[in-house]
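S.K.: got a predicted model here, sequence first, then my questions.
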Amino acid sequence: MRAIIAETDFCCRLLGLRPLDRVQINDAAEIREMLVGRQMGYRDELPYFYFQRIVGNRLEVCSPNGYVTKVAPEDVCDFVAGEPVMVQAMPREKFLERSRLPLSARQGTISIEWYDEAYVLAVEKDRWGRPDRVWVQFVDSNLNGDARQCAPVDDASRKRLAALCRRTRMPVISKNTGGRSADAGVARAKDDARHMVSRFMKAALTGHQAGVELLTMAGATPVSKSKLNKLGVPLSTSRLCF
């Protein structure tokens, strides 16, 4: 079992997985559980989840609307790198310590010493649409437990979350339905990739050297369609199937 857990951790490190990266899952049982498998004879695209953390030999993932599950690393068939949201959160031990202080000592502004740096995993909104409960994974692994941890965050972090907590950015639990798959922008990215590959092949076939050189670097430097048009890189009339 230790070897399997170590292998799971190695896979995550190899992929560079961090909280709020998006992973596409090919797990039939979980897809059925989410009700995104076959619906009225139509097969949906494989869903994307937000990566949360490693639990044993499984990956804990969460849908945009807050559905949490665990999947095997081999069920990840694609991933989209995200940007972690960092907050100052209060570990459970410090929260319990502070709760034992006299009421007079707990009033007023809470000192930053009570908080530690943490990744945001998910947010629950209150009835007014404001960030309420926040699930976190502390950077210091000694502060994390086996269970998912909901922790108080400082005022500055809460204000920042108010501008960021939307389902295209992280799992957000609220009364609003929807958000089964974290696939925002994925379809457009695939279309853009197809377009670039198509034009690269056309440029190569027609001997458009400047276009070939530019598109060869498309993965390292941004290449816009307008820049290709200015260079006169020809459009492909064929349809590529990936």
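M.R.: Here it is on my side, so go on.

S.K.: low pLDDT regions in this structure?
M.R.: For the chain, the stretches with pLDDT under 70 are 1-15, 30-44, 176-179, 184-197, 199-200, 203, 211-228, 231, 233, 236-242.

S.K.: tell me where it has helices.
M.R.: 2-15, 28-34, 92-99, 103-106, 155-164, 186-206, 209-216, 225-231 (DSSP state H).

S.K.: what's near enough to touch the residue lying closest to residue 136 once chain neighbours are set aside?
M.R.: The shortest distance from residue 136 to any residue other than its chain neighbours is 3.9 Å, reached at residue 118 (C-beta to C-beta, 6 or more residues apart in numbering). For the C-beta atoms, the positions are set from N, CA and C on the backbone; glycine is no exception. The contact partners of residue 118, taken as C-beta atoms under 8 Å, 6 or more residues apart in numbering, are 86, 87, 88, 89, 136, 137, 138, 139, 143, 151.

S.K.: among these, name the ones in strands.
M.R.: 86, 87, 88, 89, 136, 137, 138 (DSSP state E).

S.K.: and the furthest pair within those residues?
M.R.: 88 and 137 (13.7 Å; C-beta to C-beta).

S.K.: the two: which has the busier surroundings?
M.R.: Neighbours were counted for residue 88 and for residue 137 using other C-beta atoms under 10 Å; residue 137 has more, 22 against 19.

S.K.: quick one: the more buried one and residue 52 touch, right?
M.R.: Yes - proximity of residue 137 to residue 52 meets the contact threshold set by C-beta atoms under 8 Å, at 7.2 Å.

S.K.: what about the closest residue to residue 162 other than its chain neighbours, how many neighbours?
M.R.: Excluding its sequence neighbours, the residue lying closest to residue 162 (C-beta to C-beta, 6+ apart) is residue 131, at 5.7 Å. When neighbours are counted by other C-beta under 10 Å, residue 131 registers 22.

S.K.: and if you look at the one 3 residues further on?
M.R.: Residues within reach of residue 134, counting by other C-beta under 10 Å, total 23.

S.K.: swap in residue 61?
M.R.: If we define neighbours as other C-beta under 10 Å, then residue 61 has 27 of them.

S.K.: you'd agree it is up against residue 72?
M.R.: No - if you go by C-beta under 8 Å, residue 61 and residue 72 don't touch, sitting 11.0 Å apart.

S.K.: returning to what we had before: list only buried entries from the contacts of residue 118.
M.R.: Buried by 16 or more other C-beta atoms under 10 Å: 87, 88, 89, 136, 137, 138, 143, 151, out of those.

S.K.: beta-bridge partners for the third one, please?
M.R.: The one in question is residue 89. residue 116, residue 153 (DSSP bridges).

S.K.: who are the contact partners of it?
M.R.: Per C-beta under 8 Å, 6+ apart, neighbours of residue 89: 115, 116, 117, 118, 134, 136, 138, 151, 152, 153, 154, 157.

S.K.: just give the nearest non-adjacent residue to the third one, would you?
M.R.: Leaving aside its sequence neighbours, residue 117 sits nearest to residue 139 (C-beta to C-beta, 6+ apart; 4.7 Å).

S.K.: ok, the last one next?
M.R.: Leaving out its chain neighbours, the residue that sits closest to residue 157 by C-beta to C-beta, 6+ apart is residue 87, at 3.7 Å.
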